[in-house]
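*Asks:* okay, sequence plus prediction incoming.
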Amino acid sequence: MGDYSRGLAREQSCGRAEPSGIRLDHAAPGLCRRRCETSSPARPPRGETSSLSRCDLAIEHGDGPGRFVLLHAAGSGPRPLDRFARRLAGPGWSTLAPLLERDGRPLVGQGTDPFAAAVALAGALIGEAPSSPRVLFGHSMGGLVALKAALAGAAADLLVLYEPIVLALLDPVSDREPLARDSACIADFRACMEAGDPEAGVRRFVEAYGDGPWEALPDRARAALAARAQSLFAEAEATNRATLEAASLDALRAPVLLLSGSRSPEVLGRMTQRLAGLLPDVHHLVVQDAGHMGPVTHPEATAAHVAAWCARRLR
């Protein structure tokens, strides 16, 4: 099964067991959902964000003053990051992983600025952390959201990005072939959606970013993924068309850990290398044997890299 397939399937097949310290309302079989809202100015109970209603679900671990805010990949939600989050929530740390949706609709891909709502959510959640250090983590689409939030002034002391989708940084000439393959993937996804065959579109997207066949997924997982095809397409299309000015990156003052998988598709490696060459304070690490869904499929190794780097930068 491909890395991306495994990550998405984990979200769809989440059980009814609730992680320690988290209160969730079970809206439907297989779907754990709790609205994040409270009007209290005090620090909210475990598992909740504060002030306004901003997203449909958030998962929190740990009770330390240091805070990781974890932003997920397109179509996956926060639950696939749970093992990764638990390993980061050690002594002195807590983690908060929001679902980038509100009222069942993705925050990415809506309105005239398709990233405004998700960027605002990331900035609000990192800003509400009770004290420093504050670390903003983003994976894939979430990595782009985290990067945009940091550039917009989010109060992050450190920024950790796992293969953020920054296609806008690629060169239309030297990177022509991987860009063409990526554009063809999104075009095929759209054509399948318009033809009323969402499963074929999801299959095309999943196999482009994974390392195994669609048929390796269980029937239930394939059906669940197809059911979320509209949200996945909206997020993927907005992410792949996102703009990002290379010159703006020089203004980023937060130190950045840039992570990539040794088995990821070529286009992702090119994006990561290009971004690494543009950031003013960056450390690039490769997670061995991992692909694009490294935080999901290799949570121990990924979290170890993150924890060790944060410890060094915060001395």
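*Replies:* Arrived safely, thanks for sending.

*Asks:* any low-confidence regions in the stretch 1-150 of the chain?
*Replies:* Within the stretch 1-150 of the chain, the set of residues satisfying pLDDT under 70 comprises 1-53.

*Asks:* one more time with 50, if that's ok
*Replies:* Scanning the stretch 1-150 of the chain for pLDDT under 50 picks out 1-3, 5-53.

*Asks:* can you show me the strands along it?
*Replies:* Along the stretch 1-150 of the chain, the segments classed as strands by DSSP state E, counting those that start in this stretch run 25-28, 31-33, 58-61, 66-71, 93-98, 101-102, 105-106, 134-139.

*Asks:* for the ones you listed, which one sits closest to Ala224?
*Replies:* strand 31-33 (9.5 Å; C-beta to C-beta). To be clear about C-beta, it is placed using only N, CA and C from the backbone, and glycine gets the same treatment.

*Asks:* what would the strands of the stretch 1-150 of the chain look like in TSV with mean neighbour count and distance to Val173?
*Replies:* Formatted as TSV, those follow (neighbours: other C-beta atoms under 10 Å; distance: least, C-beta to C-beta, whole Å):
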stretch	mean neighbour count	distance to Val173
strand 25-28	10	49
strand 31-33	18	45
strand 58-61	24	42
strand 66-71	27	31
strand 93-98	24	38
strand 101-102	19	37
strand 105-106	18	33
strand 134-139	28	28
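
*Asks:* rebuild those strands as TSV, extending it with distance to Leu121.
*Replies:* Shown next, in TSV, are the strands of the stretch 1-150 of the chain (distance: least, C-beta to C-beta, whole Å):
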stretch	distance to Leu121
strand 25-28	20
strand 31-33	16
strand 58-61	10
strand 66-71	9
strand 93-98	6
strand 101-102	8
strand 105-106	12
strand 134-139	11
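
*Asks:* closest to Asp182 out of the ones you listed?
*Replies:* That would be strand 134-139 among the strands of the stretch 1-150 of the chain, by C-beta to C-beta, at 17.6 Å.

*Asks:* give me the angle between that closest one and strand 93-98.
*Replies:* 50 degrees (axes from the mean of the first three to the mean of the last three C-alpha atoms, to 10 degrees).

*Asks:* helices and strands around strand 134-139, which ones?
*Replies:* strand 66-71, helix 116-127, helix 141-151, strand 158-162 (3 or more C-beta pairs under 8 Å, 6 or more residues apart in numbering; DSSP states H and E).

*Asks:* those: which one's closest to Ser94?
*Replies:* Using C-beta to C-beta, these put strand 66-71 closest to Ser94, at 5.5 Å.

*Asks:* who does the closest one pair up with?
*Replies:* strand 93-98 (parallel), strand 134-139 (parallel) (DSSP bridges).

*Asks:* who wins for proximity to Ser264 among those?
*Replies:* Ser264 lies closest, by C-beta to C-beta, to one member of the strands paired with strand 66-71: strand 134-139, at 12.0 Å.

*Asks:* contacts for that closest one?
*Replies:* 66-73, 81, 122, 126, 144-147, 149-150, 154-164, 254, 295, 306, 310 (C-beta atoms under 8 Å, 6 or more residues apart in numbering).

*Asks:* quick one: which of the strands of the stretch 1-150 of the chain is nearest Glu266?
*Replies:* Comparing the strands of the stretch 1-150 of the chain against Glu266 with C-beta to C-beta, the closest turns out to be strand 134-139 (18.7 Å).

*Asks:* run the angle between the closest one and helix 116-127 for me.
*Replies:* 140 degrees.

*Asks:* list only those of the contacts of strand 134-139 flagged as buried.
*Replies:* Neighbour counting by 16 or more other C-beta atoms under 10 Å classes 66-73, 81, 122, 126, 144-147, 149-150, 154-164, 254, 295, 306, 310 among the contacts of strand 134-139 as buried.

*Asks:* contacting residues around the residue nearest to the spatial centre of the chain?
*Replies:* Note on the chain: the residue nearest the mean C-alpha position is His72, at 2.2 Å, using C-alpha atoms, centre = their mean. With contact set as C-beta under 8 Å, 6+ apart, His72 has these partners: 78, 80-81, 97, 99-100, 139-142.

*Asks:* noted, bye for now.
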